[in-house]
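Q: What follows is a predicted structure for the sequence shown.
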Amino acid sequence: MSVGTVWVHTEVAEGSVASITLEILAKAREISSDVVAIVGGDGDAVAAELGAHGATTVLATGDLGGALPGPSVAGAMAAAIAGGAAPAAILIGTTYGGRDVAGRLSVKLDAPVITNIVDLIDEGGLVGTEPVFGGASFVKTKFTTDKPGIFLVRPKSFEASETGGGVAAVSALVIPDLGATGAAVVTNSFVEQTEGPKLDEAAVVVSGGRGLGEADSYSLIESLALALKAAPGASRAIVDAGWVPYSYQVGQTGKVVKPDVYIAAGISGATQHLVGMKGSKTIIAINKDSEAPIFGVADLGIVGDVHKVLPQLLEALAARG
Amino acid sequence: MKVAVCVKQIPDPADPGALDPSTKTLKRDMKLILDESDSYGVEMALQLVEAAGGGEVTLVSMVPNGEVNGLRTALAMGADSAILISDEALAGTDALGTAKVLAAAIARAEPDLVITATESSDGYTGTVPEQIAELMGLPSVTFAKSIKMTEAGIEVKRQTEAGYDDVSCPMPCLVSVTAGVVEPRYPSFKGIMAAKSKPVDQVTVADLGLDAGSVGWAGAGQEIIAVEEAPVRDVGEIIEDEGEAYQRIVAFLDELKVI
Ligand SMILES: Cc1cc2nc3c(=O)[nH]c(=O)nc-3n(C[C@H](O)[C@H](O)[C@H](O)COP(=O)(O)OP(=O)(O)OC[C@H]3O[C@@H](n4cnc5c(N)ncnc54)[C@H](O)[C@@H]3O)c2cc1C
Ligand SMILES: Nc1ncnc2c1ncn2[C@@H]1O[C@H](COP(=O)(O)O)[C@@H](O)[C@H]1O
């Protein structure tokens, strides 16, 4: 517990604290006894949940009125620091909003960011661990300045857990005048509906890639997912090709998944895909190329054609009822 | 309309990367190519300028070693000119230092719109775009799936965890575009020939009025202290399908109690 105050950037989804934030709070609590949750929104609405997960205090800006979190939340944090607050570290999730906050804050504090970390240890100074080459190696990085250390943390790096703490005390975090930088506003939000379990929460994930050959063949993945009560996923190749929405993407720029079982069909296993699913407990891969890198991480690898193996598998599962 | 597009020149991702044992960063001493992620930004810029009925697309790239190969590819696609910041002092520059250099160079082009990718293929910090915007005092919209020009500025569909947001933003501003949103054009033969004579303005760190101490190894406020191999996964069971492999999957799912 030698680290001083740790700030955790809080994200809220559908009224509750997002899992990425709860994961980071668990880590923050481990390295510090003074964990402050920074909320770009209504603090009172989430103070109980944040307290239960170990936040000692909440600093909240109040409703952002459609402004993007990057300039406003970073601006508010920088103003608090200029006013005397002295966090030792600021932990932010690698999300759309989180990366903006980190980038803006980095410039405001003239402090670098250590990105993509999956672990954070206190070795008389915080050290971040980042996977490289699809997770084949880990690089450990520390700061050489005495500025607050800004870390961007990848989802699913830590396990969320409750401490049973009470409602965290909420104080106001004031957003300074942002000038032109705060001029972008959200005018509408759209939710892409998906059926079945959520990709990043499902116990079983079935993902398809370019090896399916054409968009219509993705129905094989959907059928298998249905049969296994799994979430359907995808490689970026078929998201880019427009076969499935972006929300299906697993990997570096998509979702990080850690299911009990991950089935990859017609996916080569590019490093950017591996980094999003390598943490799965068990991996099954089907690919017609025996040299495909996905076999390097597979517990069961089938060298075969997805158009033969998947229909047979579906039939066998249907027969079992 | 003037658009500046950041294009990173990187080692070919098809070649397995390696870390330089002395600096513990990616080796970048080979021939560099245009980062595919940035080809979407170049295409987006060309389309926006066409839609606006004219304008200028200026590329901005930072390298330590004078490389122009990737810039030529983007010029061949149709960009008008390029600013190349090349300086040996840039080796080892971190994301914040990179953003400082790029922001200073972009300012020379006086653009209405700055476009970047959401993250580079080799560095993937994903922070450079927002750092550039803050340094230039610009509003920004990251993770754009589409950009439409309006009277007041731009309308962007921005990727979110759950779907997307409509965001409106006045210009000048910065937008980072996700891959796959447009189809980058292939340079035509004419384009490739024309690219050879397009202007590439080569500048140094000093030309940009930046302090050499804020870039390179000296300016990087972080240090890699160790590189460790990940524990290797146990070698799995690999079988060739001869019509029966699906049964092994069923049995395996059974063992795992998934079915
Ligand atoms: C900055 C950056 C970020 C990225 N982020 C991601 C990310 O988040 N997620 C991601 O997935 N990718 C990401 N990528 C892309 C990644 O590098 C790969 O291009 C992508 O994962 C490839 O998708 P794929 O495996 O479906 O396609 P391919 O690589 O084309 O592989 C298709 C595979 O299918 C096999 N196949 C073909 N036909 C059959 C058949 N009939 N039966 C069985 N197998 C068959 C082939 O042998 C091949 O191995 C990123 C890339 C960059 C540069
Ligand atoms: N050296 C560079 N030269 C030009 N553009 C760059 C450079 N580094 C980063 N960028 C731009 O910033 C984006 C994000 O980079 P990064 O933050 O490294 O993931 C890239 O995709 C480029 O558009």
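A: Looks like it came in fine. As the structure is a prediction and not an experimental result, all values here were calculated from the model. Ligands and ions are numbered 1, 2, ... in the order given.
Q: For the rest of this, base every contact and every neighbour count on C-alpha atoms.
A: Fine.
Q: Just give me the neighbour total for residue A:298.
A: For residue A:298, the count of nearby residues is 24 (other CA atoms under 10 Å in any protein chain shown).
Q: Right, and ligand 2 sits closest to which residue of the stretch 1-150 of chain A?
A: Minimum separation of the stretch 1-150 of chain A from ligand 2 (CA to the nearest ligand atom) falls at residue A:103, amounting to 9.0 Å.
Q: so that residue touches residue B:130, yeah?
A: Yes. Taking contacts as CA atoms under 8 Å, residue A:103 lies within contact range of residue B:130: 5.0 Å.
Q: Give me the contact status of the helix or strand in which the residue of the stretch 1-150 of chain A closest to ligand 2 is found with ligand 1.
A: For residue A:103, the element it lies in under DSSP states H and E is helix A:96-109. No. On the criterion CA under 6 Å from any ligand atom, helix A:96-109 is out of touch with ligand 1, staying 13.6 Å away.
Q: Does that helix reach chain B?
A: Yes. Applying CA under 8 Å from any CA of the partner chain, one finds helix A:96-109 in contact with chain B at A:96, A:99-100, A:102-104, A:106-108.
Q: who wins for most neighbours among these?
A: Ranked by neighbour count (other CA under 10 Å), these have residue A:102 at the top, with 33 neighbours.
Q: how much space between the nearest residue to residue A:53 once chain neighbours are set aside and residue A:24?
A: What sits nearest to residue A:53 in space, not counting adjacent residues and going by CA to CA, 6 or more residues apart in numbering or on different chains, is residue A:162, at 4.5 Å. Note on residue A:162: its distance to residue A:24, by CA to CA, to the nearest Å, is 12 Å.
Q: more neighbours, these two?
A: Neighbour totals were compared for residue A:162 and residue A:24, and residue A:24 leads with 26 against 14 (other CA under 10 Å).
Q: Packing partners of the strand or helix carrying that one?
A: Assessed by DSSP H and E, residue A:24 sits inside helix A:19-31. Here helix A:19-31 touches strand A:6-10, strand A:35-39, strand A:89-93, strand A:119-122, going by 3 or more CA pairs under 8 Å, 6 or more residues apart in numbering or on different chains; DSSP states H and E.
Q: switch to 10 Å and redo it
A: Other helices and strands packing on helix A:19-31, by 3 or more CA pairs under 10 Å, 6 or more residues apart in numbering or on different chains; DSSP states H and E, are strand A:6-10, strand A:12-13, strand A:35-39, helix A:47-52, strand A:89-93, strand A:119-122, strand A:149-153.
Q: Out of the ones you listed, which is closest to residue A:232?
A: strand A:12-13 (21.3 Å; CA to CA).
Q: so what's residue A:90 up against?
A: Residue A:90 sits next to A:5-9, A:28, A:35-38, A:77, A:102, A:105, A:113, A:148-152 when contact means CA atoms under 10 Å, 6 or more residues apart in numbering or on different chains.
Q: Kindly report the same for residue B:43.
A: By CA under 10 Å, 6+ apart, the residues touching residue B:43 are B:5, B:74, B:77-79, B:181-186.
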